[in-house]
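S.K.: Predicted model and sequence follow; I will ask about them next.
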Amino acid sequence: MSCRIRGGWRDRRSSTGWELSGVRGDDGRRRGHEEDAVEQGSAVALAEVIGVLEAAYPPRLAEKWDSVGLVCGDPAEPVTRVLFAVDATAAVVDEAIAWGAQALVVHHPLLLRGVDTVAASTPKGALLHKLIRHGCALFTAHTNADSADPGVSDALAAAIGLTVTGPIAPKPAVAVDEWTVRVPRADTERVLAALFAAGAGGVGNYRECCWQVPGSGQFRPVEGADPAIGTLGELEHVAEDQVEVVAAPSARAAVLAALRAAHPYEEPSYHVTECAPLPTGLGIGRVGALAEPETLRTFTARVKAGLPETVWGVRAAGDPDRPIRTVAVCGGSGDTYLDTVTRLGVDAYLTADLRHHPADEHLRAGGPALIDAAHWATEFPWCAQAAGIVEGALPGVSVRVSGLRTDPWTVA
């Protein structure tokens, strides 16, 4: 993976892995080359940066337990520089401030668990205070970036040369209701307007969508009826339109109330069909294929070359000579999906944070070979993906991927 990143860090791939450019500061940590920095870009509001990120990584895709989005910062403040990293560590925060970034975008939430305080005397509170004092916002895209298309595991798959065919755990498309309503032709526009105002007729980025066909309706009012059209006891024929619109299930009460209020009939003719949820390209992890089969030993070397080097390294479990063609990948901790990848029938599964007993039991049950890499390393490729998305949407903004290794392990 190579990526043109304006304003600092260049991520270069070589046969030996990721080469993170930069120089070491007095504290021994790598810093970006200031001579590589471009002039300050055109300022946009932080809200525009957030809009681009949330369009790419919709918050609705986040798991219920997760915490994503803007952590600190004023959406109205101007932004010319955005730094991307996996973790908001003290060193990364210092790098963002030293570079003059007005926004730091990270994958891992700084405040995932409930907190009682963000006092400057606490480690996380100190980071937030420093960011706020220096006018640098903090934004998180976590499991919403995991499930997005493209997302974290797409970047991981690209780094090791996989052609992606779909997610490990697909998220179905949001189910919608289809409303079919029959209305006298003279009242069609009024009824449609009421349905649209109640939230019906939205499809993606389109509004006021409907299907409409003419027809003929009939009814006979009987004792107790109060017909808007026709006479008690007589068969009535009316030129009507049949209109069809979709709406979210959550809008059912509002749409029904609007229909009853706008329709001229005492008893409107309608029915609601609950549509089935359909699979999408969204979801955790990715399944893909290599161009040609190779042994587990060779594939493990491929992974090692494709990811940034860490003390943790890359290790594999299984027959070293086992042929590998189809592969599942999950950036970050992925042992939750061991049974899933077994059902998918892939040859190998690449993820992070695999534990002894689950891995052993998985292999004893005949599951795919396992490749375990450092958590940070499997998610780092996403930083360039996210930076590229912002750069493509807001070309006046300078973006940089932090080259600091935030993997916590330091000695092998």
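M.R.: Done, it's in.
S.K.: helix, strand or coil for the residue in the chain sticking out farthest from the centre?
M.R.: What lies farthest from the middle of the chain is residue 233; by C-alpha atoms, centre = their mean that is 59.4 Å. Following DSSP: H, G, I helix; E, B strand; the rest coil, we place residue 233 in the coil state.
S.K.: check contacts around it.
M.R.: 220-222 (C-beta atoms under 8 Å, 6 or more residues apart in numbering). All C-beta spots, glycine's among them, are computed from the backbone N, C-alpha and C.
S.K.: And the helices in the stretch 151-300 of the chain, which stretches?
M.R.: Applying DSSP state H, counting those that start in this stretch to the stretch 151-300 of the chain gives helices spanning 152-159, 188-197, 252-262, 296-306.
S.K.: For the second one, enumerate the helices and strands it packs against.
M.R.: The one in question is helix 188-197. Counting contacts by 3 or more C-beta pairs under 8 Å, 6 or more residues apart in numbering; DSSP states H and E, helix 188-197 packs against strand 177-184, strand 236-247, helix 252-262.
S.K.: Out of those, which gets nearest to residue 206?
M.R.: For these, the distance to residue 206 is smallest for strand 236-247, at 10.7 Å, taking C-beta to C-beta.
S.K.: what's the angle from that closest one to helix 188-197?
M.R.: Following axes from the mean of the first three to the mean of the last three C-alpha atoms, to 10 degrees, one obtains 20 degrees for the angle between strand 236-247 and helix 188-197.
S.K.: before we move on, back to that, if you rank the contacts of residue 233 by neighbours, which is first?
M.R.: Neighbour tally across the contacts of residue 233 (other C-beta atoms under 10 Å): the maximum, 19 neighbours, falls on residue 221.
S.K.: what sits against it?
M.R.: Per C-beta under 8 Å, 6+ apart, neighbours of residue 221: 227, 230-234, 236.
S.K.: The closest residue to it other than its chain neighbours and residue 236: what is the separation?
M.R.: Taking C-beta to C-beta, 6 or more residues apart in numbering, and ignoring the residues beside it in sequence, residue 221 has residue 227 as its nearest neighbour in space, at 4.3 Å. Per C-beta to C-beta, to the nearest Å, residue 227 is found 7 Å from residue 236.
S.K.: cool, residue 274 as well?
M.R.: Distance from residue 274 to residue 236, by C-beta to C-beta: 31 Å.
S.K.: again with residue 87
M.R.: Going from residue 87 to residue 236 by C-beta to C-beta gives 71 Å.
S.K.: So which of those two has more stuff around it?
M.R.: residue 87 (21 against 13).
S.K.: and that one, what pLDDT?
M.R.: Residue 87 carries a pLDDT value of 98.
S.K.: Just give the closest residue to it, not the sequence neighbours.
M.R.: In space, residue 87 is closest to residue 406, 4.0 Å off (C-beta to C-beta, 6+ apart).
S.K.: got a list of what that neighbour touches?
M.R.: Counted by C-beta under 8 Å, 6+ apart, residue 406 has contacts 85-87, 89, 91-92, 376.
S.K.: Can you read off the pLDDT for the closest residue to residue 232 other than its chain neighbours?
M.R.: Distance criterion C-beta to C-beta, 6+ apart; nearest residue to residue 232, sequence neighbours excluded, is residue 221 at 5.0 Å. Per-residue pLDDT puts residue 221 at 93.
S.K.: Ok, residue 175 next?
M.R.: We have a pLDDT of 85 for residue 175.
S.K.: Hmm, it is touching residue 274, no?
M.R.: Yes - with contacts defined as C-beta atoms under 8 Å, residue 175 counts as touching residue 274 at a distance of 6.9 Å.
S.K.: Which positions in stretch 206-219 come out as buried?
M.R.: 210, 217, 219 (16 or more other C-beta atoms under 10 Å).
S.K.: Repeat that for stretch 299-307.
M.R.: Buried, per 16+ other C-beta under 10 Å, within stretch 299-307: 299-300, 302-307.
S.K.: still on that earlier bit, deepest-packed of the helices of the stretch 151-300 of the chain, please.
M.R.: Most buried of the helices of the stretch 151-300 of the chain by mean neighbour count (mean count of other C-beta atoms under 10 Å) is helix 152-159; its value is a mean of 28.
S.K.: Please name every helix or strand in contact with that one.
M.R.: Counting by 3+ C-beta pairs under 8 Å, 6+ apart, helix 152-159 packs on helix 143-147, strand 163-166, strand 286-295, strand 323-333, helix 375-379, helix 381-393.
S.K.: quick one: average confidence on the last one?
M.R.: To tie it back to what came earlier, the one meant is helix 381-393. 98.
S.K.: start the count at 444, not 1, going forward
M.R.: With the count now opening at 444, the last piece we talked about shows up as helix 824-836.
S.K.: how does the protein divide into domains?
M.R.: For the chain, the structural domains run 454-589+823-844, 595-614+725-816, 620-717, going by automatic domain parsing.
S.K.: Can you say which of those is nearest to residue 855?
M.R.: Closest of the domains of the chain to residue 855 is domain 595-614+725-816, at 4.9 Å (criterion: C-beta to C-beta).
S.K.: And the closest one, how far out from the chain middle?
M.R.: Centroid separation for domain 595-614+725-816 versus its chain: 20 Å, with C-alpha atoms, centre = their mean, to the nearest Å.
S.K.: can you give me the mean pLDDT across that domain?
M.R.: Rounded mean pLDDT across domain 595-614+725-816 is 97.
S.K.: ranges for the strands of the stretch 494-643 of the chain?
M.R.: Along the stretch 494-643 of the chain, the segments classed as strands by DSSP state E, counting those that start in this stretch run 512-515, 521-522, 524-528, 546-549, 580-583, 606-609, 612-613, 620-627.
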